[in-house]
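>>> coords please:
(chains A and B)
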Amino acid sequence: MSSSAIASLPGFRDLTPRECAVRNYVFAAWRGAAARAGFVEWEGPTLESTDLYRKKSGDEIIGQLFHFTDKGEREVALRPELTPTLARIVAARHRDFKKPLKWFQIGPCFRYEAPQKGRLREFYQWNADILGEASPAADAELIALGIEALRSLGFTSDDFAVRLSDRALWDRFLMTAGIEADRTTAFLQLIDKWEKDPPAVMDAKLQALGTSREAVAAFMVSAREEPGPLGPVIDDLTARGLGGFVRIDPGIVRGLAYYTGTVFEFFSLRAGARAIAGGGRYDHLVSTLSDGAVSMPAAGFGMGDVVLGNLLEETPGPCARLHEALATAAALDVWVVVADEERRADALRLLQDLRGRGLRADLVLAAAKVGRQFQAAEAAGARTAVVVGAEWPVLKVKHLAQREEVTTDRDGVWATLSQWMEIGQPVG
RNA sequence: GUGACCGUAGCUCAAUGGUAGAGUCCCAGAUUGUGAUUCUGGUUGUUGCGGGUUCGAGCCCCGUCGGUCACCCCA
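Prediction:
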């Protein structure tokens, strides 16, 4: 609080154990969903050559990077996302792997932007990608994975939906409308603001490009009725029973980046509808980054932990599930109470024995009154306690929730605990 | 980068321009071996920082830093 104290940097978080546990819970959901779908985990470096991002997105992106010159005069940048690293690795090493690749990574990313709700300067991103498979089945597989991850956290079709589009839809529209290719980017940026800009403003801007709001609106309606290139993706997801999560929405454009076909966005249906995740097909990126040496179709998506974390706390169902998981994760199986300091050595031996058998066990490190040790056990969420005192080798084992205590010996401790543990073991 | 609002104890917040407080948390105790509640006691502040106005500033003014939200952007 004092001015001389060093505070954390803006947009960077300190994760105390409770927040760390929430993060781990989210990671477990991501990893679990990916593993169940046959995706394997990889990991790349946090720091990359700045050129990796410049090459892909152009110079304007450099302003949003944490970048510097290292001691070897190299221009380097903290990664703002995971996909370029993936493309770089796959371009270099793809012969080592059978296709298609189904890879995922979880890791910190950095963006030098003004922090605000749902957006920080350091955040975790989960990226899942399929490379070497051009079929729409890959797009659908990825969308299904994202849906499963969110469902495993307790979210339902009341909480989120997937908006699906395809760059090809707009290519068709632009061709029909006679708009030159070099204005495509400007046009798509307008579409991105379709819901934000007032109709009159939107119309004026579109007129300047040689079309109109009316024409675009009519096209959007027709695109929703006529899935066109998105038909196979929709059919695939419908066959999986996930059709209810997906809707065609040509308004989804996903920035100006490297997408070449299908694009999609997971967005919250709750107040302040925000994007939870986004992705799409990027068939040319591997080729671009390898200067044409390797060509490989690819698709993927990224999901950040910040918006998702907010949603977890705000949505009742998932929030309850989270708290239940946190309580279970933090709980100890047994607390060893040293009722007589003369017996601390015996207590320590018992403690190590219990840990060696796989139980989560702890004790108060410094001498303390029995009452305080039970308080510590309670605070730590211990389910049982073993009292080691003057009557050694006689021991007392207590089930804290049931307030039930039995007298036994060293062997009896294990028998009693294993019996109680099985009873109290949470299912799933 | 631009704009609006906000900065008081670790946290949540009080305090007409007139001596900075409460709750909570944390720590320690309540007839020497058992948890909740309760009770008692205790620690923590140059009121974000720096100027200015005033007899006197937590309060008013300017600046600065930080936070939040929005814009921009969103890979």
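
>>> give me the phi and psi for the nearest residue to A:Leu351 once chain neighbours are set aside.
If the residues on either side of it in the chain are set aside, A:Leu351 comes closest to A:Val336, at 4.9 Å by CB to CB, 6 or more residues apart in numbering. C-betas here are computed from N, CA, C, even on glycine. Torsion angles at A:Val336 (phi, psi; degrees, to the nearest 10) stand at phi -90, psi 120.

>>> number of residues surrounding A:Val336?
A:Val336 sits with 26 neighbouring residues when counted by other CB atoms under 10 Å.

>>> look up how far RNA strand B lies from it.
Applying CB to the nearest atom of the strand, to the nearest Å, the value for A:Val336 to RNA strand B is 12 Å.

>>> and A:Val246, by the same measure?
19 Å.

>>> how about the contacts made by that residue?
A:Ile143, A:Ala161, A:Val162, A:Leu164, A:Val233, A:Ile234, A:Leu237 (CB atoms under 8 Å, 6 or more residues apart in numbering).

>>> show me what the residue nearest the centre of chain A is bridged to.
For chain A, A:Trp126 is the residue whose C-alpha lies nearest the centre (CA atoms, centre = their mean; 4.3 Å). Judged by DSSP bridges, the bridge partners of A:Trp126 are A:Ile106, A:Met303.

>>> so what's the residue count around the residue in the stretch 101-250 of chain A that RNA strand B sits nearest to?
Using CB to the nearest atom of the strand, the closest approach of the stretch 101-250 of chain A to RNA strand B is made by A:Lys117 at 2.6 Å. Look at A:Lys117: counted by other CB under 10 Å, it has 10 neighbours.

>>> state the distance from the residue nearest to it when sequence neighbours are not counted to RNA strand B.
Closest residue to A:Lys117 apart from its sequence neighbours, by CB to CB, 6+ apart: A:Asn310 at 7.2 Å. Shown here: A:Asn310 relative to RNA strand B, a distance of 8 Å by CB to the nearest atom of the strand.

>>> which other residues reach the strand or helix carrying A:Asn310?
Assessed by DSSP states H and E, A:Asn310 sits inside helix A:305-314. Residues outside helix A:305-314 that contact it (CB under 8 Å, 6+ apart): A:22-23, A:26, A:117-120, A:123-126, A:153, A:155, A:159, A:268, A:270, A:274-276, A:318-319, A:322.

>>> filter the residues you listed to the buried ones?
With neighbours counted by 16 or more other CB atoms under 10 Å, the contacts of helix A:305-314 contain buried members at A:22-23, A:26, A:118, A:120, A:123-126, A:153, A:155, A:159, A:268, A:274-276, A:318, A:322.

>>> which of the residues you listed fall within helices?
Using DSSP state H, the subset of the buried ones among the contacts of helix A:305-314 located in helices is A:Val22, A:Arg23, A:Val26, A:Pro318, A:Leu322.

>>> now for those: which two are most distant?
A:Arg23 and A:Pro318 (14.9 Å; CB to CB).

>>> now do the contacts for A:Arg240.
Counting by CB under 8 Å, 6+ apart, A:Arg240 touches A:Ala140, A:Ala144.

>>> tell me the pLDDT at A:Ala179?
In this structure residue A:179 is Ile, not Ala. Per-residue confidence (pLDDT) for A:Ile179: 85.

>>> now for it: which residues touch it?
Taking CB under 8 Å, 6+ apart, one finds A:Phe187, A:Leu209, A:Gly210, A:Thr211 in contact with A:Ile179.

>>> helix, strand, or coil at it?
Following DSSP: H, G, I helix; E, B strand; the rest coil, we place A:Ile179 in the coil state.

>>> distance check, it against A:Val201.
Plainly put, A:Ile179 is 19 Å away from A:Val201 if you go by CB to CB, to the nearest Å.

>>> before we move on, the earlier item: tell me the pLDDT of the residue nearest to the centre of chain A.
97.

>>> right, and it touches A:Ile106 too?
Yes: A:Trp126 lies in contact with A:Ile106 (CB atoms under 8 Å); the separation is 5.0 Å.

>>> for the stretch 301-428 of chain A, give me the ranges with low pLDDT.
Counting by pLDDT under 70, the stretch 301-428 of chain A shows low-confidence ranges at A:423-428.

>>> and it, which of its residues are near RNA strand B?
Applying CB under 7 Å from any atom of the strand, we find that the stretch 301-428 of chain A lies next to RNA strand B at A:302, A:339-340, A:369-372, A:374-375, A:377-379, A:385, A:387, A:389-391, A:396, A:398, A:400-401, A:403, A:405.

>>> what about 6 Å?
A:339-340, A:370-371, A:374-375, A:378, A:387, A:389-391, A:396, A:398, A:400-401, A:403, A:405 (CB under 6 Å from any atom of the strand).

>>> for the stretch 51-200 of chain A, what lies in contact range of RNA strand B?
A:53, A:57, A:61, A:64, A:80-81, A:83, A:111, A:113-117.

>>> could you pull out the strands in the stretch 51-200 of chain A for me?
A:67-69, A:75-78, A:101-110, A:122-131, A:160-166 (DSSP state E, counting those that start in this stretch).
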